[in-house]
Structures are given as C-alpha cells and as structure tokens.
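Asks: this is a predicted model, with the sequence first.
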Amino acid sequence: MPELPEVETVRRDLAAAVRGKKIVAVQVNRAQVIRQPDVRRFVKGLAGVTITGVLRRGKLLVLELSNGKALTVHLKMTGQLVYPGDARTSRVSFRFSDGTWLDFNDQRVFGEVRLLDDWHMLPLVRSFGPEPLEMSREQFAGLFAGRSTRIKPLLLDQKVIAGIGNLYAAEILFRCGIDPRRWAGSLSTAEIGRMYTATRAVLAAAIKHGGSSVDDYVRVSGKPGAYVPYHKVYARSGKPCLKCRTTIERISQGGRGTYFCPACQR
DNA sequence: AATGGGACCTGCGCGC
DNA sequence: TGCGCGCAGGTCCCAT
C-alpha cells in the first residue's frame, strides 16, 4: 500500500522518466478514476501540455504542467504508475509525443486522478498536517501534546501528520519501543524524541530501498521496492519478535490492524 | 474532540 | 471443485 516512502519513490522515478515529455493524448479505460464531473474536459485539457515537474505532498503525487495546471494522482491502495506502459490494461493512460505511454493501473479502482487549476486548493491537501521529514523535533512534539487519543491512530491521521500509513506507523512504533495503545498525551518528552528519530529513520530507510512491495505496489519501472525484508512487525502476527522472540500480536485500532511486540513496546 | 461504522473496490485465503 | 465469507486499507461521510 503506497505510503510516503512508496509515493516518494514513484515521484523520483517519475521525474526521471517523464519530466519534459509532452502529452498528446489520453486514453480513459475507466472513467471512474477521473474524479471530476467532466471527463472530456480532463482529456482535452491535457492535450499538448508538457510535464515540467513532479512533486509529492503526503501520499499525493502532483505532476506540474506547462500550462500552470497540475495533474494529481492518489494511488490509494492498489494504484500504480508504470512507464513505459501499453494502455491495454490500465485505468487511464497518457500518450507522449514520442509515442510512449504512461499507465495508471488500479485493481481496486480506489485511486483518484484530477486535472486542477490549483492543486493547493484540493480539500485533501488543505487538510494535510506537516511533512514528517520537514519538521523540527519541537514541531513534532507539538502535534501530540494534550491529545486524548491513542498514539497509533494519531500517526495515521493525515490532518496531524501527512504521509504515514498503517504499515509505517507500526514499524515506527516498534523502532522507538512505544506501545501503539498509549495515549498520545501521556508520552514523555524523551519518548516523543525517540518517536521523532524513529519516524525519520524508518521513512528514510524505506525510501532508500524503494518502498515496500506489499499488495500491488511497484516502482515506475514495474519492479518491486526492496524494503519488505526490513519489516519488523507489520503482518508478522504470530511470529517471533526479531529482537526478543516474544510473539508479535495483532490488535484492531480504528478498524485497522495494528502489529506490535508486547514486550519491546511499552 | 474523539470514536465507530459504512462506503468505495476487488482479489485472495479460508472453511465447509 | 465451488461457494460464501472476511479481510486488506486511504479517504470520505455520517452518527453518536
């Protein structure tokens, strides 16, 4: 499932693959992923524009265009951007002036693609909290002070901090030894400091390895990311903790699975 | 303010 | 073999 490290990997891959290319046609195989009322306007609006840059905000990809607009892509659960593609099994494909295709694939059709005049005005973007990798320790600590909710669901809340999903929330809390059931407001300054360090370390390491290929995530080349072997707790319930051999547990928080080591995480 | 549920989707693994 | 079921989860939306 694409979270910050996966989306950042795709951003970098995409910048290298398609920046400077001119879109000459769009093939819409499943109109549902175009999250705006007029699909024809989406298609016409992209003809003849060049991709000038690729940005990421939270889990959202932003392709900057030569006409000042932006093509935004949210991969949600099963979205992929693949280049070069073939437009055969994609949901939407973009054809460039050199004849190549960029495919947006999405098995579960949760993904969202938009053509926007100003991507900053997208409600999702307006609601985002700060970027975890562009934040001071003090700013990070301020996110949790006085919050009467458990720490793991809070890390997942994009309004609080943008980009962390279920997998990395689990890995971050294992790394800093904090129980996911802890009340956010009960964390000491030292614990928040450890969580800050762990957040940056886990996300940076995952980016370095091209993300985690669980479910459908692949890089733009179609190759998997290489971070799964580094997972310590995610999807490891019933298996021994890699640090202390205690059995990893799975509980449900906010309707989502939480994996943790009951001995290492306090 | 916080929480819980359903909706959106579809493939997979499970029990029978 | 085949069926129904629960599960996976990012985000939105509604109810409490």
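Replies: Thanks, I have it.
Asks: other SSEs contacting the lowest-mean-pLDDT helix or strand in chain A?
Replies: One helix or strand of chain A scores below all others by mean pLDDT, DSSP states H and E: strand A:249-253, with a mean of 87. Strand A:249-253 is packed against strand A:256-260, with contacts defined by 3 or more C-beta pairs under 8 Å, 6 or more residues apart in numbering; DSSP states H and E. C-betas here are computed from N, CA, C, even on glycine.
Asks: who touches the strand it packs on?
Replies: A:152, A:156, A:166, A:169-170, A:173-174, A:179-180, A:233-237, A:248-252 (C-beta atoms under 8 Å, 6 or more residues apart in numbering).
Asks: got a list of what the closest residue to residue A:49 other than its chain neighbours touches?
Replies: Spatial nearest neighbour of residue A:49, excluding adjacent residues (C-beta to C-beta, 6 or more residues apart in numbering): residue A:65 at 4.5 Å. With contact taken as C-beta under 8 Å, 6+ apart, residue A:65 is in contact with A:46, A:49-52, A:71.
Asks: how close does residue A:65 sit to DNA strand B?
Replies: 27 Å (C-beta to the nearest atom of the strand, to the nearest Å).
Asks: again with residue A:114
Replies: 16 Å.
Asks: OK, now which residue of the stretch 151-266 of chain A is nearest to DNA strand C?
Replies: Closest residue of the stretch 151-266 of chain A to DNA strand C, C-beta to the nearest atom of the strand: residue A:165 (3.1 Å).
Asks: does that residue touch residue A:59 like I think?
Replies: Yes: look at residue A:165 against residue A:59 with C-beta atoms under 8 Å: they come within range, at 7.1 Å.
Asks: list residues touching both of those two?
Replies: What both residue A:165 and residue A:59 touch, as defined by C-beta under 8 Å, 6+ apart, is the set A:2-4.
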